Structure formats: structure tokens, C-alpha cells
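In: I would like to see how this sequence folds:
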Amino acid sequence: MHKARVLMAANQGLLTRPQALDAGLSPSAIRHLVNTGQLVVLRRGVYADGELWRSLDVHRGQHRLRTRAALLKMRRSWVVSHDSAAHELELDILLPPEPHVHITRPGFTAAWTEFGVKHHLAPYRGDQVVRVAGLPVLDLARTAVDIAREHGTPYGEVACDSAMRKGVSKADLAAACAPMANWPHVVRTRTAVEFARPRTGSVAESLGRLLVEELGVDAPIEIQFPVRRPDGRVAWLDIVLGAHDFEVDGGAKYLPVEQGGLATRPTLEVLWDEKRRERDLHRLGVGTSRVLFEDYWGDRRREALRRMREEYDDTARRFGTQLPERLVRDARELRGEAGA
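Out: Below is the predicted model of the structure:
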């Protein structure tokens, strides 16, 4: 097994069956290692080091190893694409119900799935290919629009927002989409590109903005809008519609950093400051709502939309349908848009 472990260490934790046999492992020894969890079967004839596999993040880390296992069986040229490229590029995406390894080869637009790998035939430019950890991968802009075309809403909007968060411009996304004019599902790709904005802070905020847009209020939506509180601190509001702030809440903001969350203070302090923050916003003429991740799906979505509309209408009655001009001026200064 020592020789096999050396081979796995040199091959990112993977071992093929011929390599295992060449390292002196008999078929019965391979079966024993699999049965005891020392090896994990990722594909027929491709194994992963069990300890490494269990240490990886169940979504991104394990997917990346599955991608490498699939590529060991490929005989033709390819590039990593779609969701698999997103994981390599550390692009935040919404995971589809049935995740596959995705690869693309040049050709006319077509796709088929075999043994957990989705093969895409589609043209791409040489300058759209980047290398990540030794693998040829389609770049951020192409990956985002590929996901939009492959999965539709909300996956595409999330991916395009995420790409812009990593520095991709709207023009880059549009340029990546332009050659797809006659490809299947290009309409939903264009919709995702049009939706994308660079200030959206997370996957949950992209989903929240889709929810706010669904309210059907004819008013511009501001994201990451800065408001100076009476004590001088700045509150960054997630999604502002008229004079109403929709805050996207997740458990990570209350979980201590040492437990994998974002909180650097005790939970009670975080919650108490939120109460003070909402009180300050109401004094400044801004209403507030809370949106949770479960609000985006199924029956909860319909209920959330009803509640959000009621809360928005209540704010409109109390404060009007526009932010106070002084807050708009302050926001321009805080964002540096007025030369401040």
C-alpha cells in the first residue's frame, strides 16, 4: 500500500486500477481497501484516498476530485466547463439538484450525459481557456453564461452576479453570451446577464433580489446601499426598494468564526445591535424586512412575497415611496460618487 499512497500523493489523491495493480495490490487487496474505506471508488477503475475524500468539502472539494477522476478516463481533448469550472474558479454558485461533472469540446451545440459526466459540444475561443491547478478551464465570464444557459433561473442570475463580484464586467458577460445568439436557451442567458450587478454580496442576496423584483413594484432597486446612522457608523443595506430595506439573513452571521461562521462578537450582541440598527433606520425614514433562505422556495416563497409586499406597502404609507434626499446624498458621498 505504501507505493500506492506515493502514487496517490503525486496524482492529487487519485489512483487508477492499473496503477494499483502495478503497485503490487492484488484485486482482493483492492476490494478490501474499498470495503474498509481506505479507498473510495469515484469511477470505474479510479479510486480516491479515503482519508483525503472525507476531509474535503462535500460540494466543492469532492466535486473537484470527481472532475479529476472523470478526466483520467477521457481520451479526447476537453476543457472543464459549467458547474465544474465554477468549482475550479471558486465561483459561488447555487448547486443544481443533480450535480454532474461538465466538460466541453469544440463542435456544434449538443450535449449528452454518461456515467455522471455531461459532455457538451460547443465552440469557444482560445483566450477563454485558463489553467487552474493544471487543468484547462473555461473562464469566469463564459462559465457564468454557460451555467445560465444550462440551468436557467435562478442558477444563471446567481452565477452572473458572482462573476461580477470577482471582477468580471457586464461587457465581459455580454461578449461571452454574444456568440450564443442561435443556441438553445439563449434567452434565459441574456436575462441572467441583464440581471447581473457587481455589488451583490452573496448567493442569498442574488436570490433575495429576484424575490424583490417579483413584487412588481415599479421603482429602481438599490443594492448595498450605505446609510449613516446617528452615531456615525455606516449601515450597508442589502436590497432597497423605494424607502424599504430587505435584509437577507443567514445563520452564518450569528455563528462564531471559530465554528465556521462570521460573528466576531457574542450572538446576543449581534442580535441587540440589529435591533438598534432597525430602530435607527426607522428614525431615518427607512422601513425594514427580513428575508430568510427558506423564503425562496415553494409555498414559503408565495407566503414571503405576500408578507414582503405588505411590509413594503406599510413603509410606503409611513415614509413614502422614495428615500429621503439626504440619505441619497450621503450614499453618493459614502460610495465616492460625488468626489468625497
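
In: How about the contacts made by V158?
Out: Contact analysis of V158 by Cβ atoms under 8 Å, 6 or more residues apart in numbering lists 92-94, 203, 206-207. (Each C-beta comes from the backbone N, C-alpha and C, glycine too.)

In: If we only consider those, which is nearest to K275?
Out: Nearest to K275 among these, counting by Cβ to Cβ, is L207 at 25.0 Å.

In: So which of the contacts of V158 is the closest to S26?
Out: Distances from S26 to the contacts of V158, taken by Cβ to Cβ, are shortest for I93, at 41.9 Å.

In: Under a three-state scheme, what state does the closest one occupy?
Out: Assigned with DSSP: H, G, I helix; E, B strand; the rest coil, I93 falls in the coil class.

In: who's in contact with it?
Out: Counting by Cβ under 8 Å, 6+ apart, I93 has contacts 83, 86, 147, 155, 158-159, 162, 203.

In: what about 6 Å?
Out: 86, 159 (Cβ atoms under 6 Å, 6 or more residues apart in numbering).

In: circling back: who wins for most neighbours among the contacts of V158?
Out: Counting by other Cβ atoms under 10 Å, S206 has the largest number of neighbours within these, with 28 neighbours.

In: element containing that residue, please.
Out: helix 203-213 (DSSP states H and E).

In: Now that helix: buried residues?
Out: 203-212 (16 or more other Cβ atoms under 10 Å).

In: and the helix or strand of the chain with the lowest mean pLDDT, what does it pack onto?
Out: Every helix and strand in the chain was compared by mean pLDDT, DSSP states H and E; the lowest is helix 2-10, with a mean of 84. Using 3 or more Cβ pairs under 6 Å, 6 or more residues apart in numbering; DSSP states H and E, the elements in contact with helix 2-10 are strand 14-16.

In: show me what contacts the residue lying closest to F108 once chain neighbours are set aside?
Out: Once flanking residues are discounted, F108 sits nearest to L121: 6.0 Å by Cβ to Cβ, 6 or more residues apart in numbering. Contacts for L121 (Cβ under 6 Å, 6+ apart) come out as 105, 107-108, 110.

In: For L121, give me the backbone phi and psi.
Out: Per-residue torsions, L121: phi -100, psi 120 (degrees, to the nearest 10).

In: L284 too?
Out: phi -90, psi 0.

In: Distance check, it against P230.
Out: The spacing between L284 and P230, counted by Cβ to Cβ, to the nearest Å, is 8 Å.
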